[in-house]
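Asker: Have a look; sequence and predicted model below, questions after that.
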Amino acid sequence: MTPFGTRLRQLRAERGISQREMAAGLGLSAAYLSALEHGRRGKPNWALVQKIIGYFNVIWDEAEELQALAAMSDPRVVIDTAGLSAEATELANLLALRISTLTGEQIAELRHILEAASAGNSE
């Protein structure tokens, strides 16, 4: 699943809407919507995100959240380490090899480390 797909599923559940109903309302197939929720499709484009925002009639913060989640929901990420250190390339490859074996706790810890490093670089 992707962050966007997880949130989409939550919104549907909160409102008691089936995939089939939502897909019909958006002019999509239920199979496509299912694949989007489960991360078997690439991240949704801007136009689709806007249609979903309109479908759920969400505003401001929730709309921004959906847009941010969509941007962070590409299930097939490519990390370009050209021009970076050998250590950076090794880290990217190690993550690609091992991410499927990490626990939720380990992923949260790595995410915290990366977010903290990013916050330190922006100051």
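Answerer: Received, thanks.
Asker: Quick check, pLDDT for the residue nearest the centre of the chain.
Answerer: In the chain, the residue lying closest to the centroid (CA atoms, centre = their mean) is S73, at 2.2 Å. On pLDDT, S73 comes in at 91.
Asker: now stretch 10-18: mean pLDDT?
Answerer: On average, stretch 10-18 scores 96.
Asker: Sorry, wrong one. I was asking about stretch 39-56.
Answerer: Rounded mean pLDDT across stretch 39-56 is 93.
Asker: Next: stretch 116-123.
Answerer: Per-residue scores along stretch 116-123 average to 78.
Asker: what does it rub up against?
Answerer: Outside stretch 116-123, not one residue touches it by CB atoms under 8 Å, 6 or more residues apart in numbering. Where C-beta positions appear, they are placed from N, C-alpha and C, glycine not excepted.
Asker: now it: how far from the chain's centre is it?
Answerer: Chain-centre distance of stretch 116-123: 22 Å, with CA atoms, centre = their mean, to the nearest Å.
Asker: got it, and stretch 87-96?
Answerer: 21 Å.
Asker: export it as PDB, just CAs?
Answerer: The C-alpha trace of stretch 87-96 is given here as PDB (Å, rounded to 0.1, in the frame of the first residue of the first chain):
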ATOM      1  CA  GLU A  87      28.700   5.200   0.700                       C
ATOM      2  CA  ALA A  88      25.500   6.900  -0.500                       C
ATOM      3  CA  THR A  89      25.200   4.500  -3.400                       C
ATOM      4  CA  GLU A  90      25.800   1.600  -1.100                       C
ATOM      5  CA  LEU A  91      23.100   2.800   1.300                       C
ATOM      6  CA  ALA A  92      20.600   3.200  -1.500                       C
ATOM      7  CA  ASN A  93      21.300  -0.300  -2.700                       C
ATOM      8  CA  LEU A  94      21.200  -1.800   0.800                       C
ATOM      9  CA  LEU A  95      17.800  -0.100   1.400                       C
ATOM     10  CA  ALA A  96      16.500  -1.500  -1.900                       C
END
